[in-house]
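Participant: sequence and predicted structure below; questions after.
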Amino acid sequence: MKLSKTLIAGLASVLCLTAGGAALAAGGAEHPRDVDFSFEGPFGTFDQAQLQRGYRVYKEVCASCHSMELLSFRDLGMKGGPFWDPRWPNPNDNLFVKAIAAEFEIADIDSESGDAITRPGTSADRFPNPYANDVAAAASNGGAVPPDLSVMAKARHGGADYIYSLLVGYVRPPAGLTVGAGQYYNKYFGGDLTSAWSGDPHHVPKGGFIAMPAPITTEGQVTYDDGTRATVDQMSRDVAAFIAWASEPKQTERKQTGLAVMIYLALFSVLTFFSYKRLWKNVGH
Amino acid sequence: MAHEGDPNDPNRRDFIHIAAGAAAVGAAAAAAWPLIDQMNPAADTLALASIEVDLSKVQEGQQIVVKWRGKPLFVRYRTPKEIAEAKAVPLADLKDPQPDSARVKPGHEQFLIVVGSCTHLGCVPTFGTGEYGGWFCPCHGSAYDTSGRIRKGPAPLNLQVPEYSFLSDTRVKVG
Amino acid sequence: MSADHESTYVPKSAFERWMDARLPIIRMGADYAALPTPRNLNYWWTFGGILFLMLVIQIITGIILAMHYVPHVDHAFASVERIMRDVNYGWLVRYVHANGASMFFLAVYIHMLRGLYYGSYKAPREMIWILGVIIFLLMMATGFLGYTLPWGQMSFHGAVVITNLLGAIPVIGPGILTWIQGGFAVDQPTLNRFFSLHYLLPFVIFGVVVLHLWALHTAGQGNPVGIMIPKERLKQDTVPFHPYYTVKDGFAILLFLLLFATFVFFNPNAMGHADNYIPANPLVTPAHIVPEWYFLPFYAMLRAIPDKFGGVVVMFGAIFVLFLLPWLDTSKVRSMRYRPAMRWFFIIFVVVALGLGWCGAKLPDEMVFSLGEGSNGQPIGMNYLWLTRILTFYYFAYFLIIMPLLGLRETPLPVPDTIAAPVLDHDDAAKVPAQ
């Protein structure tokens, strides 16, 4: 009886722990759409084909403005990653990774003269920032710095669902909303539109103004190697999955280890419980 | 005081207690492994464990120096005279006997790749100086020949030749 | 329970005799194992063991993280991500440490509530309780310092808010603020010293825990009935700590670890905040600055008081009132098992504490419930600010008004004479005590 009270107390506390986070969902934004990604849930894994398509979208659409500086090229070739190939257990040797890295120019110093040069990337390099620094980034983007995408799926409530929703959420602004220059209405982006709304004050539209124009607008904007039809929806899904992978490449390993740990702990608990019962069998308590 | 065999003796080695104890040991071992393994080189360190060197940068008779695993690596393009000199040395004259052929790749004898760390106490030898035309270490006077072998001075061993392979005629992968 | 039990350890080998004459730690270990412990301890008593394990886990994972973390404003965030991606099992160590802090606080709150319910703070155990409150304060400091280290948006702005609280102290406040910051704002000097202190404090906690256990062994272990066990009843009322409570504690620890593992492996960021994955930007303040969940009740109290310094006083007062607990409670009966009236107030107190936590996560202006709008367009009803004030009032009233008064007024249930009595009541067969 006492044990169950402990469990109930623990459960109540757990609910409070997670409530603290949930209560702070971005004010005023539409709740992200729920997408059935392959990596969701305790047994989820990434779909390698989707990650490859998502990388393609990142490279051709996003990389011109958004850095991914905490991700290295070699990470693309690691187990569970988009270009993992069992022929190269060491991702540094992966030929796809080397080819991808060579597509980027990395800032370096000439080893003889010491001049600043750029050279083709190697698998050990990180994804370069398209801008030299934040000031240059803001200057090229109307004052707003395009955020780094390395951990974007962890940096926003809703994760990959949010990223997908944002990309497809550029709808026509409702009549009565004044949209400023260089601003775009997106119903999934956080913000308070009260001051830009001239309609009924009790029905302020959800969403906010984002400085990025819709990046994925037309079908076929990216050509997929595997022949998948590149609709706006598909491209948005794929790049959201890629960013989710990039945000936590060890996700699948974490869940698989977790399953093993939970099973072991459960068995261990059962053994210990019976050991406990055996010990206390003839002792009044 | 209860004795062995008494069902009320809490110290009796019942199977269930042994099983629970064994599970505890297993859990401890499984928990200890990540704590130990995390000190092993991380993925980014291992990424730089091997590098590729473009040999077309090296002029004949010269060397380039690249950083490999935190140390300098000498990549030297030897002249035919230097190669001939290296081959002509009798093994009996060497403190650390090694034929030149064991220190280069067949068909690519003109390239000598060695770790630029003196085998005495680790100073970086200077190129092309010293009696034997190879390298000379200014710290304590070790002199290496055109095959990187120790000829004179306190260093005990030849300059280390790392593991490397030719990806093409102009590209090597070291490490 | 008396503390003057003799050591029953007899060295069995030559080595043991040698050690015993020079440094009797084997004797100490054997005495702890044989320690007579009340046999009626329930599962609420397992949290001490759980807490000790959590302290060890946090120290070990923390030392490992410190092997890879870089305490510099330009590299801290990236070094944490390096741990997550490149360091072997780094993701595991990091998630264990981050979720471990939350689990540590969960366990400490349950442990403290056990103390409140069973009167564990009452004489002769006042020092155990006081040392415990000191440990709690040190834990809060350690947790705060640790949260700043990843240098995310919440880390940075949380550090700004909390250090500015000290700036609210009259006269000396601004001087102290500059001294703590090491500059005119929270910046590199602040991060570096926070790292140093975060590494130090857990070892201070460890030292205070040793004192806490020493005080416990001196006064003797409490029990759910709340009576002291006289020496002549040791044989009937107690069992040796090992193996009876080592195994019971072990089982409770495993259940706790199961809960811990579900967070670490399947929902590792549930108790954190997404904004902390945005690198710190001193020029952009997050929409809602919130501390970690375990600080929410105190954060709520802080914001409930309109005066800045008043808020600081109330917040710290809420913890300092705990020091006075042994003297505020006038009841002659320790355990609330026999204080039915007080038990209701205790339950309300727990609900109030949870409620304060809930309020801490809300904006003060947000409405709890709304009954429509007034003529000026403002909603009518109760907002979280007022709910927080009501709950804060109860929090202090519980300690300062209810506890002293009710102890004198209430009629407690009859307290059993011995531990064995209620045990024999609830187990029909006469059980043979173990020895």
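Facilitator: Sure, I can see it. Numbering: from 1, shown residues only, chains lettered A, B, ... in the order given.
Participant: nearest spatial neighbour of C:Ile205, skipping sequence neighbours?
Facilitator: Leaving aside its chain neighbours, C:Ile205 sits nearest to C:Leu138 (4.9 Å; criterion: Cβ to Cβ, 6 or more residues apart in numbering or on different chains). Heads up, the C-betas are built off the backbone N, CA and C, glycines and all.
Participant: element containing whatever residue of the stretch 101-250 of chain C ends up closest to chain A, please.
Facilitator: Residue of the stretch 101-250 of chain C nearest chain A, by Cβ to the nearest Cβ: C:Val247 (4.9 Å). If you go by DSSP states H and E, C:Val247 is part of helix C:241-261.
Participant: related to what we said a few turns ago, what's the burial count for the residue of the stretch 101-250 of chain C closest to chain A?
Facilitator: Using other Cβ atoms under 10 Å in any protein chain shown, C:Val247 is surrounded by 22 other residues.
Participant: for the spatially closest residue to it that is not a sequence neighbour, what are its contacts?
Facilitator: Once flanking residues are discounted, C:Val247 sits nearest to A:Tyr276: 4.9 Å by Cβ to Cβ, 6+ apart. Contact analysis of A:Tyr276 by Cβ atoms under 8 Å, 6 or more residues apart in numbering or on different chains lists C:247-248, C:250-251.
Participant: what about A:Tyr276, is that helix, strand or coil?
Facilitator: Under DSSP: H, G, I helix; E, B strand; the rest coil, the three-state class of A:Tyr276 is helix.
Participant: what sits against the residue nearest to C:Ile205?
Facilitator: With contact taken as Cβ under 8 Å, 6+ apart, C:Leu138 is in contact with C:201, C:204-205, C:208.
Participant: closest one to chain B out of those, please.
Facilitator: Ranked by distance to chain B (Cβ to the nearest Cβ), those are led by C:Ile205 at 20.6 Å.
Participant: around chain B, which positions in the stretch 1-150 of chain A sit nearby?
Facilitator: Within the stretch 1-150 of chain A, the positions near chain B by Cβ under 8 Å from any Cβ of the partner chain are A:72, A:74, A:78, A:90, A:92, A:111, A:122-124.
Participant: how much space between the nearest residue to C:Met19 once chain neighbours are set aside and C:Thr218?
Facilitator: Distances taken as Cβ to Cβ, 6+ apart place C:Ile26 nearest to C:Met19, at 5.5 Å, with adjacent residues excluded. Remark: distance between C:Ile26 and C:Thr218 (Cβ to Cβ, to the nearest Å) = 21 Å.
Participant: which of the two has more neighbours?
Facilitator: Per other Cβ under 10 Å, whichever of C:Ile26 and C:Thr218 has more neighbours is C:Ile26, with 16 against 13.
Participant: relative to helix C:241-261, how tilted is the helix or strand harbouring that one?
Facilitator: Here C:Ile26, judged by DSSP H and E, is contained in helix C:25-34. Counting by axes from the mean of the first three to the mean of the last three Cα atoms, to 10 degrees, helix C:25-34 lies at 80 degrees to helix C:241-261.
Participant: so what secondary structure elements neighbour helix C:25-34?
Facilitator: For helix C:25-34, the contact count by 3 or more Cβ pairs under 8 Å, 6 or more residues apart in numbering or on different chains; DSSP states H and E identifies helix C:14-22, helix C:241-261 as packing neighbours.
Participant: could you list the buried residues of the longest one?
Facilitator: By neighbour count, and taking 16 or more other Cβ atoms under 10 Å in any protein chain shown as the criterion, the buried residues in helix C:241-261 are C:241-257, C:259-261.
Participant: now swap in stretch C:162-176 and tell me
Facilitator: Buried-residue list, stretch C:162-176, by 16+ other Cβ under 10 Å: C:162-169, C:173.
Participant: cool, stretch C:270-289 as well?
Facilitator: Neighbour counts over stretch C:270-289 (16+ other Cβ under 10 Å) mark C:270-280, C:286, C:288-289 as buried.
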